[in-house]
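>>> Just a sequence and a predicted model for now, questions to come.
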Amino acid sequence: MNPQTMWTLIAFVAIVAAFGAWMLWRKRRTEDLRARFGPEYEHTVRQTGSVAKAEDALETRAKRVERLHIRALAHEDAARFNEAWRQVQAQFVDDPRAAVAEADRLVGEVMQARGYPLGDFDRRVEDISVDHPNVVMNYRAAREIAQEQREQGKASTEDMRQAMVHYRLLFAELLEKLVGTHEAVDHQTELTEKDMKGRIEN
C-alpha cells in the first residue's frame, strides 16, 4: 500500500469514527432530554418543527434555570401558601371566576417565592418545565381557560373547575417537591375533580 492510499484510508476511518461518535452523542442527548422533559419534549418538537431545534431549546432553558438558583421555601412559607390555597378553593363555590383568577395569581406568587422570574407567560412555562415537566401542560391549560374567561367571559363553570384542578396539580407539586414531604399540602382538603364536581352540583 503506497503512502497516499494509506493516508486516505486513515482519513476515511477517522471520518467514519467521528460520525459514529457524533451519532451516538445525538442519540444519548435525545434519550436524556426525552427522559427529563417527558411530554414537554414532544410539545417543543411540535412547536419548533425540528428535533435539533427543540433539543437545543430545551438544553438552553435547562442551563438558564440552573443559573436561577431555585430555592426551597421555609416550612412556614409553605404552610402559609397552603392555607391561601384552601381559601381559594373555598371561594370557588361562591365565585368561580374570582377563584380561578386568584389561583393563577397564587401559583405565580409561589413561583416567585421559589426564585422563578415572573416574566412573560411563555418564559415562565419554559422555566417551570425544567423541574416540573409532568405538570407544565396543566399550567398551560389552566392559563388558557383563565385568559378566555378574563377576555371573553365565555368559560363555563365546568371549564373553570378544570382550570382549578390544573392549577392545583402544579401548586401541590411546587409545595411538595421543595419541602421534600407531603406535609405542605393537606390532602384532606386537596382539590380533586370529584370534590369540585360535588361542590358545583350542590
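Received it, and whenever you're ready, just let me know what you need. As the structure is a prediction and not an experimental result, all values here were calculated from the model. Numbers count the residues shown, from 1 in each chain.
>>> centre of the chain versus the lengthiest helix in the chain, how much separation?
Assignment by DSSP state H gives helix 3-37 as the longest helix of the chain. Chain-centre distance of helix 3-37: 33 Å, with C-alpha atoms, centre = their mean, to the nearest Å.
>>> Ok, stretch 45-59 next?
Relative to its parent chain, stretch 45-59 has a centroid offset of 16 Å by C-alpha atoms, centre = their mean.
>>> That one: which residues count as buried?
By neighbour count with 16 or more other C-beta atoms under 10 Å, stretch 45-59 contains the buried residues V45, A54, E55, A57, L58. Using the backbone N, CA and C atoms, a C-beta is placed for each residue, glycine as well.
>>> Any regions of the protein where pLDDT drops low?
Across the chain, the ranges flagged by pLDDT under 70 are 1, 6, 12, 22-23, 176-202.
>>> quick revisit: ok, then the element right after the longest helix of the chain?
Once helix 3-37 ends, the next helix or strand along the chain (criterion: DSSP states H and E) is helix 39-48.
>>> Which elements pack onto the helix or strand that that following helix is followed by?
Proceeding N to C from helix 39-48, the next assigned helix or strand is helix 51-66, under DSSP H and E. Using 3 or more C-beta pairs under 8 Å, 6 or more residues apart in numbering; DSSP states H and E as the contact test, the elements touching helix 51-66 are helix 3-37, helix 39-48, helix 121-131.
>>> Any chance of TSV for the ones you listed, columns distance to R97?
Output for the helices and strands packed on helix 51-66, formatted as TSV (distance: least, C-beta to C-beta, whole Å):
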stretch	distance to R97
helix 3-37	33
helix 39-48	28
helix 121-131	19
